[in-house]
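A.B. asks: how does the following fold in three dimensions:
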Amino acid sequence: MNPFRRIGVETVINAAGKMTALGGSAQHETVAQAQAEAAQAHVDLAELRHAASQHIATRTGAEAACITTGAAAGIALGVAAILTGRDLEKIRRVPDVPAPRDILIQRGHDVDFGAEVTQMIRLGGGRPVVFGTLDAVTEADLAASLSADAKAIVYVKSHHAVQQNRLPLDPCLGRGVPVLVDAAAESDIRTYIAAGADLVTYSGGKAIGGPTCGFIAGRRDLIEACELQGRGIARAMKVGKEQIMGLMAALDRFEPSANDDEAILAALHAGLSSFANALILPDRAGRPIRRVALRESPDVLQALVQHLAANTPSIRTRNHQLNEGLILFDVRELRRHDVDTIVERVRTFYAEGAPSPTAPEQRRAS
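C.D. replies: So this is what the prediction gives:
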């Protein structure tokens, strides 16, 4: 079934993962049903937000929580909450917040996820201050940046971020300023709160498997300030009753340790390995995710990516490491019959005159 065809849009096979650009997650029927039922009723939205926030707080182990339009909005709202507190006059002026308003972020965490993290900081009224170098970030770099103007530290846990020679979360805590963690796509919704982060922002439509929205959890006083941003910038970030109830349904069935993907992973690896240089790789950001990878020259892989995307159905792959000679197939959003389609499409690419893949005996020797 293609619900988009009536306006001339085709569905895609999503082998890229839980990506915003591809619609996040394909929702479980209970999540979709919760949204449909909510759409046909009226409710006091403030009461609903409060009840939902309590539910999220229980699941995350936080003192309180706030519904957002997504993890990126959570960065902006979290920064605004830290800078304004519950002062309505300041809230109405965001992003024009008076100094001091420096928000520290280590180099390599100031990533572009489709927009820049530093722009989210500015939306909340902060002035991004990037510390450290591309080579490494040290505790001395952090200490040197903690001037009297520093109001918070933003810590990004993401596959987009530089993974090597960055400060872990622990040295950022206990520095006398709040720490806001961007954990958009993370499946562990309790660790960062338990570690002592003041605020943590999550996407609801990625690992959790809910609709396109999110939440921020953490200290009660800061969460209250987040909610009050509805009198300011968060008025442009409204979340409907449908998304709220869809998120509640997704959280109710969410099990971060559950892994139903191994059979699809094995089938895809076996299918591609029969004629291509396929391997299974762990997630570079340390999440409990394994993906099938094809190793080839970047030029060949670029042509393959275009071949897969251009035909019908369009197959979208995970291409963050293409310049390293790798493309990845993330199986979390695949169904079993998608495996056959992907394998045959890749086989066709080679059969139609693409350079031959590395031979199996060469793979074993390398």
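
A.B. asks: the stretch 51-200 of the chain: helices as residue ranges?
C.D. replies: Counting by DSSP state H, counting those that start in this stretch, the stretch 51-200 of the chain has these helices, from start to end: 71-84, 88-93, 117-123, 139-145, 191-195.

A.B. asks: reformat the ones you listed as a markdown table; add mean pLDDT and distance to G286.
C.D. replies: All C-beta spots, glycine's among them, are computed from the backbone N, C-alpha and C. Shown next, in a markdown table, are the helices of the stretch 51-200 of the chain (pLDDT from 0 to 100; distance: least, Cβ to Cβ, whole Å):
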| stretch | mean pLDDT | distance to G286 |
| --- | --- | --- |
| helix 71-84 | 98 | 18 |
| helix 88-93 | 98 | 36 |
| helix 117-123 | 98 | 19 |
| helix 139-145 | 96 | 21 |
| helix 191-195 | 96 | 11 |
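
A.B. asks: relative to R347, which of those helices is closest?
C.D. replies: helix 71-84 (37.6 Å; Cβ to Cβ).

A.B. asks: packing partners of that closest one?
C.D. replies: Applying 3 or more Cβ pairs under 8 Å, 6 or more residues apart in numbering; DSSP states H and E, one finds that helix 71-84 makes contact with strand 64-68, helix 88-93, helix 117-123, strand 150-156, strand 179-182, strand 199-203, strand 214-218, helix 220-228.

A.B. asks: any chance of the ones you listed in CSV, with distance to E296 and mean neighbour count too?
C.D. replies: Output for these, formatted as CSV (distance: least, Cβ to Cβ, whole Å; neighbours: other Cβ atoms under 10 Å):
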stretch, distance to E296, mean neighbour count
strand 64-68, 40, 27
helix 88-93, 52, 14
helix 117-123, 32, 21
strand 150-156, 30, 24
strand 179-182, 33, 28
strand 199-203, 31, 30
strand 214-218, 36, 30
helix 220-228, 46, 21
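
A.B. asks: closest one to H337 among the ones you listed?
C.D. replies: The nearest among these, by Cβ to Cβ, is strand 199-203 at 27.4 Å.

A.B. asks: centre of the chain to the closest one, how far?
C.D. replies: How far strand 199-203 lies from its chain's middle: 10 Å, per Cα atoms, centre = their mean, to the nearest Å.

A.B. asks: and what of stretch 303-322?
C.D. replies: Offset of stretch 303-322 from its chain centre (Cα atoms, centre = their mean): 21 Å.

A.B. asks: and stretch 35-44, by the same measure?
C.D. replies: Relative to the centre of its chain, stretch 35-44 is centred 27 Å away, using Cα atoms, centre = their mean.

A.B. asks: contacts for that stretch, please.
C.D. replies: Stretch 35-44 has contacts (Cβ atoms under 8 Å, 6 or more residues apart in numbering) with 211, 241-246, 249.

A.B. asks: turn the helices and strands packed on helix 71-84 into a markdown table, including distance to D188.
C.D. replies: Output for the helices and strands packed on helix 71-84, formatted as a markdown table (distance: least, Cβ to Cβ, whole Å):
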| stretch | distance to D188 |
| --- | --- |
| strand 64-68 | 16 |
| helix 88-93 | 31 |
| helix 117-123 | 20 |
| strand 150-156 | 14 |
| strand 179-182 | 11 |
| strand 199-203 | 10 |
| strand 214-218 | 12 |
| helix 220-228 | 20 |
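
A.B. asks: start to end distance for stretch 131-143?
C.D. replies: Start-to-end span of stretch 131-143 (Cα to Cα, to the nearest Å) is 10 Å.

A.B. asks: who touches that stretch?
C.D. replies: Identification of contacts with stretch 131-143 by Cβ under 8 Å, 6+ apart yields 104-108, 144-145, 153, 162, 165-167, 171-172, 175.

A.B. asks: strands - which of those land there?
C.D. replies: Of the positions in these, 104-106, 153 sit in strands, assigned by DSSP state E.

A.B. asks: so, low pLDDT: which residues of the chain?
C.D. replies: 257-260, 354-366 (pLDDT under 70).

A.B. asks: can you do 80?
C.D. replies: Residue ranges of the chain with pLDDT under 80: 1, 159-164, 256-260, 285, 353-366.

A.B. asks: quick check: ChimeraX command selecting the buried ones in the ones in strands among the contacts of stretch 131-143.
C.D. replies: Restricted to buried positions by 16 or more other Cβ atoms under 10 Å, the ChimeraX selection for those reads:
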select :104,105,106,153
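
A.B. asks: and the ones in strands among the contacts of stretch 131-143 as TSV, adding distance to G8?
C.D. replies: Converted to TSV, those look like this (distance: Cβ to Cβ, whole Å):
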residue	distance to G8
L104	47
I105	41
Q106	45
I153	46
